[in-house]
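Asks: here you go, sequence then predicted model.
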Amino acid sequence: MSSMNIGDISVQPVYDGYLTFPVEADYPAEGSPDYEAHRDSLQSDGRRRMTLGSFLIRLPQCPDRIILVDAGNGPSSGQLFRPGACDCPEHAHPDIKAYHDAHHMDGAARQRHLDWLSQTESRYGNLLDSLAARGVRPEQVTDVVLSHLHFDHIGWVSQNGAPAFPNATIRAAQKDIDHFLQPQQMIDDRMYQAAWGVLPTAERLAPVMDRIESWDGDVTLFPGLDAVATPGHTPGHSIFVLSSGEKRGMLLGDVVHCPLQLTDPDFSVMADIDQQLANRQRERVYREMVGDPNLAVAASHFPGLRFGRILEGAGRSGWTFVS
């Protein structure tokens, strides 16, 4: 996976694993320009593979800090996990059934969800090895900065009931902390645990609660690294803007899961807590990129954790990877 420099800022992708799932109905047709730009995400069986990962940041004005943006899916047994097919909603895992009940899904919606789960698979747990390949030990990481608190972005904040990065401050938006530590969030978390073997948010964060520093709204975290509030996917979701001289880059968290969400406003990947607000955030990022054709962006689920740009003058159909 290729590194990217934003001026004097070093950005290195850190791979943790993948989630594979059925291709969305509105995915571009084979042979189209959009298809060619994203074909690396597609498997021979017709499903799409979504990267799970993080970014290692070194800022020239803070040479003593090693910053990890997002924290992957977390420790794993190393076994490929794939939910088994369920005959009907009534036979679903109790925690999946509780999720269906809490979200008031009718029989058809429950079956669609189970069918989708039965075709997904995930393998993860590589983040510490990926960091080691970058020459970084866990105790050297000084800051873990979280775009939001979904399980696939906080997975390595702790391991075996202890902080995975023993000397790091964990940084997150207060609105996400308030949201994800509500008791009712446990219903969703137990479904994720049943489906993909990940810990609930409260359990994952418990070993590091005494080292969390939160922010509200837009804030400069370090010289050259700003958090910008982009609620919608979650209440406290933030993107991170990297600035070095006249150069800028963005790490988008889950404002987009796939570059197609920027180039095709009708393309949808996964549910947002507030769909309309999330759509406005994607539009905001798109306008920013069109206004600055040199602006490169990446996200934790982009293929290969690569940076890309909107193609100048190509309208919404243009995207190119640049790292």
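Replies: Sure, I can see it.

Asks: now the lengthiest strand in the chain: buried residues?
Replies: Criterion DSSP state E: the longest strand present in the chain is strand 9-22. Residues 9-21 are the ones in strand 9-22 that count as buried (16 or more other CB atoms under 10 Å). (C-beta placed from N, C-alpha, C; glycine too.)

Asks: quick one: mean pLDDT for it?
Replies: Averaged across strand 9-22, pLDDT comes to 94.

Asks: tell me how far that strand lies from the chain's centre.
Replies: 9 Å (CA atoms, centre = their mean, to the nearest Å).

Asks: now Pro13: how far from Ile187?
Replies: 33 Å (CB to CB, to the nearest Å).

Asks: ok, back up a step: partner strands of the longest strand of the chain, with direction?
Replies: strand 4-6 (antiparallel), strand 47-58 (antiparallel), strand 121-123 (antiparallel) (DSSP bridges).

Asks: show the average pLDDT along stretch 179-195.
Replies: 92.

Asks: buried residues in that stretch?
Replies: His179, Phe180, Met186, Ile187, Asp188, Asp189, Arg190, Met191, Tyr192, Gln193, Ala194, Ala195.

Asks: re the thing from before, which one of the strands paired with strand 9-22 lies nearest to Arg82?
Replies: The closest of those to Arg82 is strand 121-123. By CB to CB, the value is 3.8 Å.

Asks: what is the subsequent helix or strand relative to that closest one?
Replies: Moving toward the C-terminus from strand 121-123, the next helix or strand (DSSP states H and E) is helix 127-133.

Asks: confirm Val297 sits in a strand?
Replies: Yes - counting by DSSP: H, G, I helix; E, B strand; the rest coil, Val297 falls inside a strand.

Asks: okay, it: pLDDT?
Replies: Confidence score, pLDDT, at Val297: 97.

Asks: nearest residue to it other than its sequence neighbours?
Replies: The shortest distance from Val297 to any non-neighbouring residue, by CB to CB, 6 or more residues apart in numbering, is to Met250 (4.3 Å).

Asks: check Trp156 too.
Replies: Ala71 (4.2 Å).

Asks: please apply the same query to Gly197.
Replies: Phe81 (5.2 Å).

Asks: list the contacts for that neighbour?
Replies: Each residue near Phe81 by CB atoms under 8 Å, 6 or more residues apart in numbering is listed here: Glu121, Ser122, Arg123, Trp196, Gly197.

Asks: tell me how far the third one lies from Asp16.
Replies: Arg123 sits 10 Å away from Asp16, taking CB to CB as the criterion.

Asks: again, but for the second one
Replies: As for Ser122, its distance to Asp16 is 10 Å (criterion: CB to CB).

Asks: what does the last one give?
Replies: Using CB to CB, one gets 14 Å for the distance from Gly197 to Asp16.

Asks: for PyMOL, write a command that selects the buried ones of the contacts of Phe81.
Replies: Buried residues within these, by 16+ other CB under 10 Å, are selected in PyMOL with:
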select buried, resi 121+122+123+196+197
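
Asks: rewinding a little: okay, and the common contacts of Ser122 and Asp16?
Replies: Counting by CB under 8 Å, 6+ apart, the common neighbours of Ser122 and Asp16 are Leu52, Asn73.

Asks: thinking again about what came up before, return the most buried member of the strands paired with strand 9-22.
Replies: Highest mean neighbour count among those (mean count of other CB atoms under 10 Å): strand 47-58, with a mean of 22.
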